[in-house]
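# Pasting the sequence and the predicted model now:
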Amino acid sequence: MDMKTSPLSLLKDPSLLKTDALLGGQWFAGGARFAVHDPATGLKLADVANLGAKEAELAIAAANEAWPAWKAKTAKERSTILRQWFDLLMQHQDDLGRLMTAEQGKPLPEAKGEVAYGASFVEWFAEEAKRVNGETLPQFDNNRRLLVLKQPIGVCAAITPWNFPLAMITRKVAPALAAGCPVVIKPAELTPLTALAAAELALRAGIPPGVLSVLTADAENSIAIGKVLCASDVVRHLSFTGSTEVGRILMAQCAPTVKKLSLELGGNAPFIVFDDADLDSAVEGAFASKYRNAGQTCVCTNRFYVQAGVYDAFVAKFAARVKTAKVGNGFEDGVNQGPLIEPAAVDKVQRHLDDAVAKGASVVTGGKHLAELGAGQFFEPTVLANATAGMLCAREETFGPLAPVFRFETEQEAIAAANATEFGLASYFYSRDVGRIFRVGEALEYGMVGVNVGILATEHVPFGGVKQSGLGREGSHYGMDDYVEIKYLCVGDIQK
Ligand SMILES: NC(=O)C1=CN([C@@H]2O[C@H](COP(=O)(O)OP(=O)(O)OC[C@H]3O[C@@H](n4cnc5c(N)ncnc54)[C@H](OP(=O)(O)O)[C@@H]3O)[C@@H](O)[C@H]2O)C=CC1
Ligand SMILES: O=C(O)CCCC(=O)O
């Protein structure tokens, strides 16, 4: 692409546009490259280094070599470096946001918001680095002393998705680094540029060579790299965010080395509106929860359940709100709905829509693939009434701007419908009844429940799911647990 017409020509610090991988502290070009495109326009943004299994082995070896010195640093020393990384990420918020909008498509204000969100994990774990406390336990024999030590688990690997090109990296990497572990990252094929820019800032912050590697790769090479990361005895922990399908593959691949796993997988989030809800607040929450990143987050509402008494009123108000959304290139002022990430994502939304309409749903607003706009990856924010349990959108995560609204009569019916899925990541409900808030909050089989809110993530809360939505929690003080091993130390002969 001609740099003069590229959205990346406006970077304030052009040296943040990195297209080589970071391998053991060196920028590594390798032989092959793969192209990264702007999903709004289809134009090529860059050719990026396409690494494979061999480089994955090298990155693991470099991480292992760098580990002793990194873990030997005091918690405060690691904290200071992480804090410096946080400051640099925030100083370069505009450029990181620009890179993200260019390769991922989310509107620029939302992208800059993700930069602040992503950086907040670095800030949080810089602070938590100093609080990895052990324990002393009461002795069962006065000749002994019993201690619990927390030690860094070792070399970690992180495989991250395209929908949060920065935050899914920092939510994994920051606790690992804070705990004293080196990390090998494999970012998504579609969004490597944000990851590489963040890595450049990590180097500027003083992360030593080898402690952080970023293995960029196309989809085929990602599979090969994944196999190496999973099979390695040196890699002691793998953290993955992405589809449940790939999560299952990685879990199976990690079984032979009994690796510790953090998995943040698919969701099928329900959003329940009870008769006693504040409808205007529910509509705002519904819009925020459904249409963030054009519906492409694992915590986006997938199914709306609305009680019969307020069903028609909610659908009308929600549709009116959705009509105000502006679809377009994320760099344009006022746009709050960007393109979908790739043509397959558009196809999935269309398939779910067609299936629902064939089974009796009606389109209240939206419903059109805006094929003539940009690269043809835009889809109108859509609201469907009269959705029913037999539709694909009730079972599968649409991961796009489709909002099916189901009708229910009783609280029990809503809870049963919400829980009728193998997923259990985020859920939401709106009610002003305090008894119901506790009953429903406790009955929902989900790792996260938003009550009268449509957005619930931040750096100091535990993010994660139950059932087939994953393992472990990210962010918060719990987010450090997966990166430390607990060691019991039993010291005898104290009285000698
Ligand atoms: N829970 C969540 O937050 C997310 C859920 N999804 C869901 O998954 C669907 C598909 O999205 P997609 O991007 O394909 O998600 P994937 O789960 O396929 O990809 C996520 C990450 O895993 C990598 N990957 C894929 N297969 C392997 C493998 N066998 N070994 C090692 N790494 C692998 C990808 O690399 P590469 O990009 O190079 O293929 C990417 O870095 C979405 O439509 C959505 O429903 C998607 C993203 C995030
Ligand atoms: O969609 C995802 O991959 C999870 C990130 C969402 C969030 O942190 O709110």
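It's in. Ligands and ions are numbered 1, 2, ... in the order given.
# Low-confidence regions, the stretch 1-150 of the chain specifically.
1-4 (pLDDT under 70).
# Can you show me the helices along it?
With DSSP state H, counting those that start in this stretch, the ranges of helices along the stretch 1-150 of the chain come out as 53-72, 75-91, 93-104, 108-128.
# Please list the residues outside the shortest one that contact it.
By that I understand helix 93-104. By Cβ atoms under 8 Å, 6 or more residues apart in numbering, the residues outside helix 93-104 that reach it are 6-8, 10-13, 16-17, 36-39, 45, 89, 106-108, 111-112, 114-116, 119, 162-163, 165-166, 190-194, 197-198, 330-331, 338, 341. (Glycine included, C-beta is placed from N, CA and C.)
# before we move on, back to that, could I get the helices of the stretch 1-150 of the chain as CSV with distance to ligand 2 and mean neighbour count?
Output for these, formatted as CSV (distance: least, Cβ to the nearest ligand atom, whole Å; neighbours: other Cβ atoms under 10 Å):
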stretch, distance to ligand 2, mean neighbour count
helix 53-72, 23, 18
helix 75-91, 16, 19
helix 93-104, 12, 26
helix 108-128, 7, 23
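# before we move on, back to that, restricted to buried residues, select the contacts of helix 93-104 in ChimeraX.
Only the buried entries of these go into this ChimeraX selection, using 16 or more other Cβ atoms under 10 Å:
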select :6,7,8,11,16,17,36,37,38,39,45,89,106,107,108,111,112,114,115,116,119,162,163,165,166,190,191,192,193,194,197,198,330,331,338,341
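# what sits opposite Phe429 in the beta ladder?
Judged by DSSP bridges, the bridge partners of Phe429 are Ile272, Val451.
# ok, which residues in this protein are in contact with ligand 1?
Applying Cβ under 6 Å from any ligand atom, we find that the chain lies next to ligand 1 at 159-163, 186, 188-190, 217, 219, 222-223, 226, 241-243, 246, 249, 264-266, 298, 397, 399.
# Let me have the helices of the stretch 1-150 of the chain in JSON lines, extended by distance to Asp141.
What follows is the helices of the stretch 1-150 of the chain, written out as JSON lines (distance: least, Cβ to Cβ, whole Å):
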{"stretch": "helix 53-72", "distance to Asp141": "32"}
{"stretch": "helix 75-91", "distance to Asp141": "32"}
{"stretch": "helix 93-104", "distance to Asp141": "56"}
{"stretch": "helix 108-128", "distance to Asp141": "34"}
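# closest to Val491 out of the ones you listed?
Nearest of the helices of the stretch 1-150 of the chain to Val491, taken as Cβ to Cβ: helix 53-72 at 22.1 Å.
# ok, and what's touching that closest one?
Contacts for helix 53-72 (Cβ under 8 Å, 6+ apart): 21, 23-25, 28, 30, 78, 151-152, 154-155, 177, 180-184, 186, 208-211, 213, 215, 221, 224-225, 227-229, 232, 234-235.
# change it to 7 Å
Outside helix 53-72, the residues that touch it by Cβ atoms under 7 Å, 6 or more residues apart in numbering are 23-25, 30, 152, 154-155, 180, 182, 184, 208-211, 213, 215, 224-225, 228-229, 232, 234-235.
# Which of those are buried? Put it as a ChimeraX command.
ChimeraX command restricting those to the buried ones, with burial defined by 16+ other Cβ under 10 Å:
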select :23,24,25,30,152,154,155,180,182,184,210,211,213,215,224,225,228,229,232,234,235
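# circling back to that earlier point, now intersect the contacts of helix 93-104 with the strands, please.
36-37, 45 (DSSP state E).
# of the residues you listed, closest to Arg131?
Of all the ones in strands among the contacts of helix 93-104, Val36 has the smallest distance to Arg131: 38.4 Å, by Cβ to Cβ.
# Go ahead and confirm that closest one touches Val48.
Yes: under the criterion of Cβ atoms under 7 Å, Val36 makes contact with Val48 at 5.7 Å.
# which residues are in contact with both of the two?
Joint contacts of Val36 and Val48 (Cβ under 7 Å, 6+ apart) are Pro192.
# Now, the contacts of helix 53-72 that are in strands?
23, 152, 155, 184, 213, 235.
# Tell me the one among those nearest to Gly367.
Ranked by distance to Gly367 (Cβ to Cβ), these are led by Val184 at 43.5 Å.
# which ones are touching the residue most central in space within the chain?
For the chain, Met168 is the residue whose C-alpha lies nearest the centre (Cα atoms, centre = their mean; 4.3 Å). Met168 sits next to 160-161, 241 when contact means Cβ under 7 Å, 6+ apart.
# sorry, back to before: including distance to ligand 2, could the ones in strands among the contacts of helix 53-72 go into TSV?
Supplementary listing: these in TSV, determined by distance: Cβ to the nearest ligand atom, whole Å:
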residue	distance to ligand 2
Leu23	26
Pro152	25
Val155	24
Val184	20
Ser213	22
Val235	22
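# returning to that earlier point: I'd like to know which of the residues of the chain next to ligand 1 are buried.
Among the residues of the chain next to ligand 1, those buried by neighbour count (16+ other Cβ under 10 Å) are 159-163, 186, 188-190, 217, 222, 226, 241-242, 246, 249, 264-266, 298, 397, 399.
# Can you sort out which of those also neighbour ligand 2?
Contacts with ligand 2 within these, counted by Cβ under 6 Å from any ligand atom: 161, 163, 241, 298.
# Check whether the last one sits in a helix, strand or coil.
Under the three-state scheme (DSSP: H, G, I helix; E, B strand; the rest coil), the conformation of Cys298 reads as coil.
# so which residue of this protein comes closest to ligand 1?
Residue nearest to ligand 1 within the chain (Cβ to the nearest ligand atom): Gly226, separated by 2.3 Å.
# Against Lys112, how distant is Gln93?
Using Cβ to Cβ, to the nearest Å, one gets 5 Å for the distance from Gln93 to Lys112.
# If we go by neighbour counts, what in stretch 138-152 is buried?
So, applying 16+ other Cβ under 10 Å, buried residues of stretch 138-152: 150, 152.
# Also stretch 440-460?
Neighbour counts over stretch 440-460 (16+ other Cβ under 10 Å) mark 440, 443-451, 454, 456-457, 459 as buried.
# and if you look at stretch 433-442?
Buried, per 16+ other Cβ under 10 Å, within stretch 433-442: 437, 440.
# about what we covered before: for the buried residues of stretch 440-460, please prepare JSON lines with the additional fields pLDDT and distance to ligand 2.
Output for the buried residues of stretch 440-460, formatted as JSON lines (pLDDT from 0 to 100; distance: Cβ to the nearest ligand atom, whole Å):
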{"residue": "Val440", "pLDDT": "98", "distance to ligand 2": "22"}
{"residue": "Ala443", "pLDDT": "98", "distance to ligand 2": "23"}
{"residue": "Leu444", "pLDDT": "98", "distance to ligand 2": "18"}
{"residue": "Glu445", "pLDDT": "98", "distance to ligand 2": "19"}
{"residue": "Tyr446", "pLDDT": "98", "distance to ligand 2": "14"}
{"residue": "Gly447", "pLDDT": "98", "distance to ligand 2": "12"}
{"residue": "Met448", "pLDDT": "98", "distance to ligand 2": "9"}
{"residue": "Val449", "pLDDT": "98", "distance to ligand 2": "14"}
{"residue": "Gly450", "pLDDT": "98", "distance to ligand 2": "11"}
{"residue": "Val451", "pLDDT": "98", "distance to ligand 2": "17"}
{"residue": "Gly454", "pLDDT": "98", "distance to ligand 2": "11"}
{"residue": "Leu456", "pLDDT": "96", "distance to ligand 2": "8"}
{"residue": "Ala457", "pLDDT": "96", "distance to ligand 2": "4"}
{"residue": "Glu459", "pLDDT": "98", "distance to ligand 2": "10"}
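# Check these and tell me the two furthest apart.
Maximum distance among the buried residues of stretch 440-460 (Cβ to Cβ): 28.0 Å, for Ala443 and Glu459.
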